[in-house]
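**Q** below: sequence and its predicted model.
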Amino acid sequence: MTEKIGLIVGMENTFPQAFIAKVNETPGYHADLIKVGGIKESFHRDYAVIVDRLSHEVPFYRFFLKVAALAGTYVINDPFWWSSDDKFFGFSLASKIGVAVPRTVMLPQKSYIKGINKDKSLRNLVFPLDWAAITDYVGFPAILKPADGGGWRGVTRVNDMAELMAAYDASGEDPMTLQQFIEFDEYVRCICIGKEFILPIEYDPKRRCYIEHDGPFLPKSLEAKILDGAHALNHALGYDMNSVEFACKEGVPYAIDFTNPAPDFDVHSILPKHFHMVVDEMAKHVITCAKEGRGHDGDYAYRRYLEQAPHERPKRAYR
């Protein structure tokens, strides 16, 4: 029997074709681009594994993937968890597991939807904010960015209180984070697949491009800290596909951005040397997941209920 591997993508052109071709080299496995139309509620498993690279931008795909997971498909990355996580939770989680992060404060959104009456609806909100205490903790320069964003959307460097107020006033309905700016010595982005494969690449955040090296480019001790940090974050988050960024200062790697479950895999971005490694590892990983019949390990209520035999399920007490 042939196991099917599905792929959901957007405008990217280089990774999908290379990934599909690589998977299809292995007998017993067939990869293709999924076609999704009207979906019945009585959904059955068609794919052993689906690699999701777009549902964060197309809600219809996200809803489909949740039902696919319910039917037994292993989705990379888990659509239930991906719907719930955010970057500020990630910083709190990193701090909890001992990965260094910049000093960070989450800020309430500046603006609200029309139905929110600031005087009546926000009785739990501290106002005005204690900006002096916030900036004393974070310091200047700082980075103001959405608490749940990506692709450099809404990211602003602020050097003083006046710049912070101007940027915050323009931030709209996004809850924001104010974060210590790390004057880094090295900046590294790790492409991570299957929690165990971690590929550190030098990255220039100013030009937003990768830098290729013929050999090792980091001191061994710093590289070990980066690999350990990325490994811990991927296991804590449960991602099988991620990119993790570290700003390194005086031998300390600070995790800057690490909730990126659909990282850029384009050959022109990550460069050919890294691209071929990523394609090979992703193909190898999905085949392993399909071979093992892997399922999601989230302790969701629906899973616990379905795993019980009908006679073991809780019964309502009649009175």
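**A** Yes, it's here. Residues are numbered from 1 along each chain as shown.
**Q** quick one: the helices in the stretch 151-300 of the chain?
**A** Under the criterion DSSP state H, counting those that start in this stretch, the stretch 151-300 of the chain carries helices at the ranges 161-169, 220-237, 267-270, 272-292.
**Q** buried sites along the last one?
**A** If I follow you right, that is helix 272-292. 274-275, 278-279, 281-287, 289-290 (16 or more other Cβ atoms under 10 Å). Quick note: C-beta positions are derived from backbone N, CA and C, even for glycine.
**Q** neighbouring contacts of it?
**A** With Cβ atoms under 8 Å, 6 or more residues apart in numbering as the test, helix 272-292 has contacts from 3, 5, 14-15, 18-19, 22-23, 25-26, 29, 31, 48-49, 51, 74, 76, 191, 193-194, 197, 199, 201, 210, 212, 240-241, 265-267, 270, 294.
**Q** buried ones among the residues you listed?
**A** The buried subset of those - by 16+ other Cβ under 10 Å - is 3, 5, 14-15, 18-19, 22-23, 26, 29, 31, 48-49, 51, 74, 76, 191, 193-194, 197, 199, 201, 210, 240-241, 265, 267, 270, 294.
**Q** hmm, back to that, among the helices of the stretch 151-300 of the chain, which comes closest to residue 10?
**A** helix 267-270 (14.2 Å; Cβ to Cβ).
**Q** now the closest one: mean pLDDT?
**A** In this model, helix 267-270 has a mean pLDDT of 96.
**Q** same thing with stretch 284-299?
**A** Regarding stretch 284-299, the rounded mean pLDDT is 91.
**Q** using CSV, write out the CA atom coordinates for it.
**A** C-alpha atoms of stretch 284-299 as CSV (Å, rounded to 0.1, in the frame of the first residue of the first chain):
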residue,chain,number,x,y,z
LYS,A,284,13.2,11.8,5.5
HIS,A,285,11.2,13.1,8.4
VAL,A,286,7.8,12.8,6.9
ILE,A,287,8.5,9.3,5.6
THR,A,288,9.6,8.4,9.2
CYS,A,289,6.3,9.9,10.6
ALA,A,290,4.2,7.9,8.0
LYS,A,291,6.1,4.7,8.6
GLU,A,292,5.6,5.0,12.4
GLY,A,293,2.0,5.9,12.0
ARG,A,294,2.7,8.9,14.2
GLY,A,295,-0.1,10.9,15.7
HIS,A,296,-0.3,14.1,17.7
ASP,A,297,0.8,13.9,21.3
GLY,A,298,-1.3,16.9,22.6
ASP,A,299,-3.4,15.9,25.5
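**Q** beta-bridge partners for the nearest residue to residue 226 once chain neighbours are set aside, please?
**A** Distances taken as Cβ to Cβ, 6 or more residues apart in numbering place residue 253 nearest to residue 226, at 4.9 Å, with adjacent residues excluded. For residue 253, the beta-bridge partners under DSSP bridges are residue 248.
**Q** any idea how far residue 253 is from residue 176?
**A** The gap separating residue 253 from residue 176 is 24 Å, by Cβ to Cβ, to the nearest Å.
**Q** got it, and residue 102?
**A** Going from residue 102 to residue 176 by Cβ to Cβ gives 15 Å.
**Q** quick revisit: so for residue 253 and residue 176, which sits in the more crowded spot?
**A** residue 253 (30 against 24; other Cβ atoms under 10 Å).
**Q** so what's residue 73 up against?
**A** Neighbour list for residue 73: 6, 45-50 [criterion: Cβ under 8 Å, 6+ apart].
**Q** how about the residues you listed in a markdown table, adding pLDDT and secondary structure?
**A** Shown next, in a markdown table, are these (pLDDT from 0 to 100; DSSP: H, G, I helix; E, B strand; the rest coil):
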| residue | pLDDT | secondary structure |
| --- | --- | --- |
| 6 | 98 | strand |
| 45 | 90 | coil |
| 46 | 92 | coil |
| 47 | 97 | coil |
| 48 | 97 | coil |
| 49 | 98 | strand |
| 50 | 98 | strand |
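**Q** what's the closest of those residues to residue 138?
**A** Nearest member of the contacts of residue 73 to residue 138, counting by Cβ to Cβ, is residue 50, at 39.8 Å.
**Q** on that earlier part again, in TSV, list the buried residues of helix 272-292 along with distance to residue 115.
**A** Shown next, in TSV, are the buried residues of helix 272-292 (distance: Cβ to Cβ, whole Å):
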residue	distance to residue 115
274	47
275	47
278	45
279	47
281	47
282	43
283	48
284	50
285	45
286	44
287	49
289	43
290	46
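**Q** now flag whichever of these is closest to residue 139.
**A** Nearest to residue 139 among the buried residues of helix 272-292 is residue 274, at 34.3 Å by Cβ to Cβ.
**Q** quick one: the closest one from residue 12, how far?
**A** Applying Cβ to Cβ to residue 274 and residue 12 gives a distance of 15 Å.
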